[in-house]
Each structure stands twice: as structure tokens, then as C-alpha cells.
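Chemist: Quick check, what structure comes out for this input:
(2 chains)
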Amino acid sequence: MSIVKKTVAAIIVVGIIVVFGYIVLTMAQSPAGQRGGEQDGGFLASDNVRTFVTLGVVGGSAFITGFGVRDVISRALAARKYMHMRAAREQKSL
Amino acid sequence: MSWTDYSWPIFLTIGIVAIAVLYESRRAFSGFFTGMKGGTEAGLLLAYTGSFLLVGAQFYTMVKRSGWIGLIKKAGGVRPWLSIHITLSFLGLVAVLIHAGFPYRFSSDLLSHGLAGLTTWLLVASAASGVFGRYVYKRLPAMKRVFGYWKPSHLAITGILFVAAIIHMLTAFGG
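Modeler: Numbers count the residues shown, from 1 in each chain, chains lettered A, B, ... in the order given. Presented below is the predicted three-dimensional model:
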């Protein structure tokens, strides 16, 4: 990665962090934000948002785990196939 | 001789100073993080964002394990994805730790409030394991054997973390 690309990426990441930090601090200092969503039924504690977040996390992690499992299975199968072929070759040479 | 010969004592000193500053700053910043913990609106925003960042960080595994060479090339190769994985994991860690009560104390016992304490400590363990893995990765192939032990352990810790986090999400509210 070139230095220009790295710098641009760093500026974008820092910018996002600053904006997000500002939003969180503003929320944290407002009286409504300090009371909290859980008790007062705020937007972020609503069933819709919770369901969306939970399904997003479960779906995302399941999707990625699927890739990992597929890779592990294909590696195991490839190793097994290699062993079979090697055994057959050795038997043939005898 | 270069400064790298002294890197261990330098980093150790910086680490100790950082911990001391953090410990003392708790008094100075007293009240600063109050509205960002647990079930407050800001706390929930941090928790949700942290969760998505941590899930996003796992796309590194997907790019790395994908059999589609075209996709890997299109995504810029595997190498930048390690940086993306570390950055997203670090930001997610910070967000979730603040939600969990950092820097004062983690607000729950290990098993109460939907495994909140356990999830937090698993996150810390996963992050520590990741830092150790990066250290080992830099020293490959000399530390190939250690890397062989580290990789399944890191995957297992992260897997358990996600299971605990999902249980926390499903059960933390209203209790």
C-alpha cells in the first residue's frame, strides 16, 4: 500500500472515530441519554433494534464460521486424498 | 547498537507509565464515562457498534480462507486485511470495554446480567491472544511451532467469546 493510500485511510478512520466519539459524548451528557434506554424504553433498547443487532451479529458470525468450517473440511479431505494417492503409488512401486 | 536493542525495556516502561496514568486519571475524569455504561443509550450505542466492529474484523478470516483467488486479489490481498482486522478489533474492544464499565470496573459478576462479566473477560483474553499472535507472526518461521499452538487457541477463545456475546445479547435486557 502506498504512503498516500495509508495516509488517506488513517485520516478517514480518525475522522470516523472523532464523529462517533462526539455523538457518544453528546448522548452520554444529555439527561435522556444518562437515564438509559433499558429502563425508559429508549430507541436503542427497543425490540426492533435489539432484534436487528442480534440477528446481524449471529448472521455475520455464522457466515464467517461457515467459511472457516468449509476450509477445515476441504483441508481434511485434501489431506486424506493425498494419503490415499501416496499409498496407492507406493503399492504400485512395490 | 540501535534503539531496537532496548525495545523491551522501553515498551515495558511505557506500559507501566500508561497504566499509572490511566489509574490516576480515573479520579480526574470522574463522571466522564458515567453515561456510557451498560444499558444507557450511549452504552447501548457503544455495545452495538463494538459488536459490529468485532464481527467486521472477522472478515479477515473469510478473505484469508476464501478459495476465490479473484476475490482475494480484488480485496487487495490478504496482508492489508490483517491491519483491518487489528484496527477493527481494537476499536471494537475499546467500545465494548467502555460499555462494560471501563475504566472504573467491569460492572457485573462473571455469570450475572447475561454472562456480562464472562463476555468482557473473554474479549480481553481474545485481544491479549491476538497481540501475542501478532508478536509470533512477526517471528515466523522461527516460531512456527508456537504459531501452530496459538492459532487454534485464538480461534477457540474468539468462538467462545461470540457464543457468550450472543447469549449476553439475548438475555441481558430486563434482568
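
Chemist: So, low pLDDT: which residues of chain A?
Modeler: Along chain A, the parts satisfying pLDDT under 70 run over A:1, A:32-41.

Chemist: Which stretches in it count as helices?
Modeler: Chain-ordered helices for chain A, with DSSP state H as the definition, fall at A:3-29, A:31-35, A:37-40, A:47-93.

Chemist: Pick out the least confidently modelled helix or strand of chain B, by mean pLDDT.
Modeler: Each helix and strand of chain B was given a mean pLDDT (mean pLDDT, DSSP states H and E); the minimum falls on helix B:69-74 at a mean of 66.

Chemist: Beyond that one, next helix or strand please.
Modeler: helix B:79-100 (DSSP states H and E).

Chemist: could you give me the average pLDDT of the very next helix or strand once past that following helix?
Modeler: On the C-terminal side of helix B:79-100, the nearest following helix or strand under DSSP H and E is helix B:112-138. Along helix B:112-138, the predicted local confidence has a mean pLDDT of 86.

Chemist: Buried residues, helix B:112-138. List them.
Modeler: B:113-120, B:122-127, B:129-130, B:133, B:136 (16 or more other Cβ atoms under 10 Å in any protein chain shown). For the C-beta atoms, the positions are set from N, CA and C on the backbone; glycine is no exception.

Chemist: For chain A, tell me which of these show up nearby.
Modeler: Of the residues in the buried residues of helix B:112-138, proximity to chain A by Cβ under 8 Å from any Cβ of the partner chain holds for none.

Chemist: Pop the domain breakdown of chain A in here.
Modeler: A:1-37, A:46-94 (automatic domain parsing).

Chemist: is chain B contacted by the last one?
Modeler: Yes: legend: contact between domain A:46-94 and chain B by Cβ under 8 Å from any Cβ is shown at A:49-50, A:53-54, A:56-58, A:60-61, A:63-65, A:67-68, A:70-71, A:74.

Chemist: List only buried entries from those residues.
Modeler: By neighbour count, with 16+ other Cβ under 10 Å, these hold A:Arg50, A:Val53, A:Thr54, A:Val57, A:Val58, A:Gly60, A:Ser61, A:Ile64, A:Thr65, A:Phe67, A:Gly68, A:Asp71 as buried.

Chemist: from these, which two are the most distant?
Modeler: Farthest-apart pair in those is A:Arg50 and A:Asp71; separation 31.9 Å (Cβ to Cβ).

Chemist: Would you quantify the distance from the residue nearest to B:Leu122 when sequence neighbours are not counted to A:Ile64?
Modeler: The spatially closest residue to B:Leu122, leaving aside those adjacent along the chain, is B:Leu161, at 4.1 Å (Cβ to Cβ, 6 or more residues apart in numbering or on different chains). The gap separating B:Leu161 from A:Ile64 is 13 Å, by Cβ to Cβ, to the nearest Å.

Chemist: How about stretch B:34-51 and chain A, any contact?
Modeler: Yes: looking at stretch B:34-51 against chain A by Cβ under 8 Å from any Cβ, the contacts come from B:34-36, B:38-46, B:48-49, B:51.

Chemist: ditto for stretch B:80-96
Modeler: Yes: using Cβ under 8 Å from any Cβ, we find that stretch B:80-96 touches chain A at B:Pro80, B:Thr87, B:Leu91.

Chemist: Now do that stretch, average pLDDT.
Modeler: Stretch B:80-96 comes out with an average pLDDT of 88.

Chemist: next one: stretch B:153-170
Modeler: Rounded to a whole number, the mean pLDDT of stretch B:153-170 is 88.
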